[in-house]
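>>> no FASTA, just this:
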C-alpha cells in the first residue's frame, strides 16, 4: 500500500485544498465544511484492473496504455479521487503489474489508493478488493464503507453526478429485486462475500469503456479538447504596448468557439495568474510587444513549475513576439530562438510544452489583422494538438 | 443523378486503371482481366443516409461531419467504389441535403453513384434505393443486381473481404431461416418489396458505426494513422551530397515503427516517383543538402498537383534543408521562408500541406546524429498530425 502523497493538480501557497473543498459541495450543500454530513454514507470504490487487454491489439494491458503519455488508469483514478466523499479507492492489479501501478500512483500523486492483488478472473479481483474493505482484516488501514462503487479501470470519464446517483440509489433502495434481476455475478458476489451493501449501476454513454484501439484515440481527443477550452493570455503592464495583445485576445475569442480566453498579469503579486493556474488552465500565451525579452516567459514558466499544474496534463506555453520583423535584422531573433529551444528542452522534463511565435506587427491595420488571424490559427493548432514534437520551435505568423 | 466523373485518387499518364484492376483481383483471382468472371454475381449497394444525427450533439447530420475536412459519407463511398465488382451505389438522402450530396460527389470525384430521395424512416430510404435498382423503373440507368448490399453511410471502414463474404453468403445461402431469425425489418422489407435476393450481414468490430462525437475523433485518428504509414524521401541525384538523406531515411525507419520509408528521384523521367504516387503515398520529404534551392520541391509539387492524389486526403510535403545554419547569415533563409509561405498558401488550395524544415548539418558526426533525430521527430509530428494550421512554417532541427 502506497503512503498518501501530496494532492495532485495545481497548488499555490496555501490554497491546495480549494479543489477538494469545491468538489465536496454536492454531498454537502452548505459548502462550508469539507466533512461529510451525518447522513452521508461512507463510500469506497473497487477497481478491478487485472485485465490483459487482448482485444486492444497492443502488447500493453489497456489500463496502462498511455494517453498524452499518462496511463489510462491514472485518468480513472483522477476522476474518482476528485470526489472527496469517496474515502478509499482499492485497485486490484496482477502481481507483475504491481510495481508499475505503484510507480503510477507516485508519479501522478494519487491519493487514498490501496492496492490488492488481482484474482484470475474479474470477479476474483472484485472479491479481493471487497475483502480488503471488510472490517475483519486485521492489517487494514481502510475503514469499512456502507456503499462500495465497483468501477471499471478503463472507464475514465465517470462524473461525480453519476457516482452520486449510484450512491443515493444504493442508500435509498439497498439491493432490491430489480438489481438482482439485472444484476450480474459481480453484484451477487458482493452480496455473498462482501458483507456490505453493494449496488451495480449500468453506465450512460459518457461512461463508455475503452476497449479497442480506436477508443484510446477517442479518449485522447476528448481529453485534448477538454483541456484546450481555457486559454490565458499573459500581458505585461505597459499600457501603451499591450493593445495588440487585446487584439489577439479578441481574435482568439472569435475564432475558437466555446473557448474561454482570459488575461492575467505577471506583475507581482500575480494574484490573477495564481487564480487562473488554480482554476486549472492548461494553455498560456505570453505576449511581448516590440521586444526580444524572454523575462516574462521565464517568470511564467517558474510560476507554472512551482504550481505543480503539469503533473496531470501537458501545459502549453506560447511565447509570442509582436515584431516588425521585415525591417529588423534577423540575427538577434536567431539568438532568441536558441534561448527558446534551450528553455523548451528544460521545461519539457516538467511536462510543459514551450514554443515561440513571431507575429508580424506592421503599421498597416489591415495587414496587422491578417497576421493576427494567422497567429491565432497557429496558437489554436499548438494548443489543440499539444504535441511535444514541436517544442522549442519559433513559428512565424 | 450525377454523370460519372473521372476516377478519384492519383493518376499519372495512362496508368489510371491500375488501382481498380488491382482491387478486382479478389473476385477474379487470375488478375489478368478487370471484367468479372461469368459466375460473379451482379452486385449493387444501397446506403440509407437520411439521418439527422441528433445523438452526435452537433448540428450537422453525422454522415456529413468532416474528417480531415472531408465529409464522413465520402469515406464510406470511397470504401465501396474501391470494390470494382459493386456496379451501382445508390445513396438515399433527404431533399434538403440533395445539393450537398451532389457537391460531395463532384468534389471528391465519386463514381457509379445514384441519388434517391430518403424516406421518413430508414426503412423507407432503403425501399426507395431498392426501387431504383428494380427492373421496372423506366427512367433508370441502373442494371438490376442479383445481390444488394445494404450498408450504413456512417460505417466508413468496410473492407472488400467483408463485402465479398456478404456477397458469397448471399449467393450460396440466399435468405435462409437463420437470416430471418436474426434479420431486422430491413431484410424483410427487402424481401417483400425489392423482388431481389437480399441478405443482411452483421458487422465485425472493424465495421463500427460512427454514432457519437467520440467516434468522429476515433475515425479521424484511424484515417490519419493509415495515411501516415508510407513516407517517400525525395532526393536529388548528386551522389556526393545525398548520403545525409540516406542517414535521415535510416533514422525515420528506426524511429517510426511500422512505417515504410522509400526514396524516389526527381530526375526525369521520374518513373520511381510516379510509381510511388500511384501507390498512394501521402507523405513526401524533399531533401536539399547545403542549398537554398526550391526547384526540387517545386517539381515535386507540380507532379503532385498533376497526379490528382490530394483529392481524397491532404498530402504532406516537407521541404528539408540540410544547412550549417550557425555559420551562414540568416537573411537569405528568411527569403527562403517567404518563398515557402507563398507556395504553401498556393498548394493549400489543392489540399497539399507544405512546410519547410532546416536541419543543422555540422561536421561533427555526433551532433549530426542529434539534429537528424530531432529532424525525424518534427517530420513524424507534421505527418501524423496533418494539421493545416502549420503550413508555410520553417521549422528548425
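Happy to help now that I have it. Keep in mind the model is a prediction, meaning the values are calculated, not measured.
>>> Tell me the buried residues in stretch A:100-117?
Residues of stretch A:100-117 classed as buried: A:100-101, A:104-105, A:108-116 (neighbour count, 16 or more other C-beta atoms under 10 Å in any protein chain shown). C-beta: built from backbone N, CA, C; applies to glycine.
>>> now stretch A:302-314
Of the residues in stretch A:302-314, those buried (16+ other C-beta under 10 Å) are A:303-305, A:307-314.
>>> Where helices are concerned, which of those residues count?
A:303-305, A:307 (DSSP state H).
>>> nearest to chain B, of those?
residue A:304 (22.6 Å; C-beta to the nearest C-beta).
>>> May I have the residues that are in contact with the closest one?
A:277, A:284, A:310, A:315, A:317, A:347, A:350, A:352 (C-beta atoms under 8 Å, 6 or more residues apart in numbering or on different chains).
>>> will you turn the residues you listed into a markdown table that also has secondary structure?
Below are the contacts of residue A:304 laid out as a markdown table (DSSP: H, G, I helix; E, B strand; the rest coil):
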| residue | secondary structure |
| --- | --- |
| A:277 | helix |
| A:284 | strand |
| A:310 | helix |
| A:315 | strand |
| A:317 | strand |
| A:347 | helix |
| A:350 | coil |
| A:352 | strand |
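>>> Chain B contacts on chain A?
A:205, A:208, A:212, A:214-215, A:217-222, A:329-331, A:333-334, A:337, A:341, A:377-378, A:380-381, A:385, A:387, A:389-390, A:393-396 (C-beta under 8 Å from any C-beta of the partner chain).
>>> And these, which of them are buried?
A:208, A:212, A:214-215, A:217-222, A:330, A:333-334, A:337, A:341, A:377-378, A:380-381, A:385, A:387, A:389-390, A:393-396.
>>> Can you read off the backbone torsions of residue A:320?
Backbone torsions for residue A:320, taken as degrees, to the nearest 10, come to phi -100, psi 130.
>>> so what's it up against?
Contacts of residue A:320 (C-beta under 8 Å, 6+ apart): A:248, A:285-288, A:356-357, A:359, A:375, A:379.
>>> Any chance you could list what contacts the helix ranked longest in chain A?
Secondary structure of chain A per DSSP H: the longest helix is helix A:365-385. Residues from elsewhere that reach helix A:365-385, judged by C-beta under 8 Å, 6+ apart: A:224-225, A:228, A:231, A:244, A:247-248, A:251-252, A:255-256, A:283, A:285, A:316, A:318, A:320, A:353, A:355, A:357, A:359-362, A:390, A:395, A:397, B:385, B:387, B:389-390, B:393.
>>> could you list every residue that touches residue A:206?
A:157-159, A:162.
>>> Hmm, which of those residues is lowest in pLDDT?
Taking pLDDT as the measure, the contacts of residue A:206 have their low point at residue A:162 (83).
>>> and that one, what element?
helix A:160-173 (DSSP states H and E).
>>> who does that helix touch, helix- and strand-wise?
Identification of packing neighbours for helix A:160-173 by 3 or more C-beta pairs under 8 Å, 6 or more residues apart in numbering or on different chains; DSSP states H and E yields strand A:147-150.
>>> any idea of the mean pLDDT in the strand it packs on?
Rounded mean pLDDT across strand A:147-150 is 88.
>>> List the buried residues in that strand.
Neighbour counts over strand A:147-150 (16+ other C-beta under 10 Å) mark A:147-150 as buried.
>>> for stretch A:41-56, same thing?
Applying 16+ other C-beta under 10 Å to stretch A:41-56 flags A:42-51, A:53, A:56 as buried.
>>> Among the contacts of helix A:365-385, which ones are in strands?
A:231, A:283, A:285, A:316, A:318, A:320, A:353, A:355, A:357, A:359-360, A:395 (DSSP state E).
>>> hmm, back to that, can I get the buried residues of stretch A:100-117 in TSV with pLDDT, secondary structure and distance to residue B:262?
Compiled in TSV, the buried residues of stretch A:100-117 are given as follows (pLDDT from 0 to 100; DSSP: H, G, I helix; E, B strand; the rest coil; distance: C-beta to C-beta, whole Å):
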residue	pLDDT	secondary structure	distance to residue B:262
A:100	96	helix	38
A:101	97	helix	42
A:104	98	helix	39
A:105	98	helix	45
A:108	97	coil	41
A:109	96	coil	46
A:110	97	coil	46
A:111	93	coil	51
A:112	94	coil	53
A:113	96	strand	48
A:114	96	strand	53
A:115	97	strand	48
A:116	96	strand	51
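>>> Mind picking the one among those residues that's closest to chain B?
residue A:100 (21.6 Å).
>>> now the residue nearest to that closest one when sequence neighbours are not counted: how far from residue A:211?
Nearest residue to residue A:100, sequence neighbours excluded (C-beta to C-beta, 6 or more residues apart in numbering or on different chains): residue A:64, at 6.3 Å. Distance, residue A:64 to residue A:211, using C-beta to C-beta, to the nearest Å: 15 Å.
>>> Also residue A:318?
Residue A:318 is 36 Å from residue A:211, by C-beta to C-beta.
>>> higher neighbour count, the two?
Remark: of residue A:318 and residue A:211, residue A:318 carries more neighbours, 23 against 14, as counted by other C-beta atoms under 10 Å in any protein chain shown.
>>> Pull the contacting residues for the closest residue to residue A:149 other than its chain neighbours.
Distance criterion C-beta to C-beta, 6+ apart; nearest residue to residue A:149, sequence neighbours excluded, is residue A:45 at 4.4 Å. Counting by C-beta under 8 Å, 6+ apart, residue A:45 touches A:80, A:86, A:88-90, A:148-151.
>>> which residues does residue A:45 bridge with?
Here residue A:45 shows beta-bridge partners residue A:89, residue A:149, assigned using DSSP bridges.
>>> I'd like to know which of the ones in helices among the buried residues of stretch A:302-314 is nearest to residue B:127.
residue A:304 (60.4 Å; C-beta to C-beta).
>>> Report the two of the buried residues of stretch A:100-117 separated the most.
A:109 and A:116, at 20.6 Å, using C-beta to C-beta across the buried residues of stretch A:100-117.
>>> and residue A:324, how many neighbours?
Residue A:324, neighbours per other C-beta under 10 Å, totals 11.
>>> what's the answer for residue A:369, then?
Residue A:369, neighbours per other C-beta under 10 Å, totals 12.
>>> how much space between it and chain B?
17 Å (C-beta to the nearest C-beta, to the nearest Å).
>>> And that residue, what's its pLDDT?
For residue A:369, the predicted pLDDT is 91.
>>> That one and residue A:360, how far apart?
From residue A:369 to residue A:360 the distance is 11 Å (C-beta to C-beta).
>>> And residue A:377, by the same measure?
14 Å.
>>> What's the mean pLDDT across stretch A:61-75?
96.
>>> in the stretch 101-250 of chain A, which ranges drop under the pLDDT threshold?
Within the stretch 101-250 of chain A, the stretches with pLDDT under 70 are A:135-140, A:173-174, A:176-204, A:236-242.
>>> Try it again at 50.
In the predicted model, the stretch 101-250 of chain A carries pLDDT under 50 at residues A:176-183.
>>> just the helices in the stretch 51-200 of chain A please.
In the stretch 51-200 of chain A, the segments counted as helices under DSSP state H, counting those that start in this stretch are A:72-81, A:98-107, A:122-133, A:160-173, A:177-182, A:185-194.
>>> So for the longest one, what gets flagged as buried?
Along helix A:160-173, the positions that meet the burial threshold by neighbour count (16+ other C-beta under 10 Å) are A:160, A:162-163, A:166-167, A:170-171.
>>> chain center to it, what's the gap?
24 Å (C-alpha atoms, centre = their mean, to the nearest Å).
>>> Report the angle between it and helix A:72-81.
For helix A:160-173 against helix A:72-81, the angle by axes from the mean of the first three to the mean of the last three C-alpha atoms, to 10 degrees is 60 degrees.
>>> these two touch, right, residue A:166 and residue A:149?
Yes. With contacts counted by C-beta atoms under 8 Å, residue A:166 reaches residue A:149, the gap being 5.7 Å.
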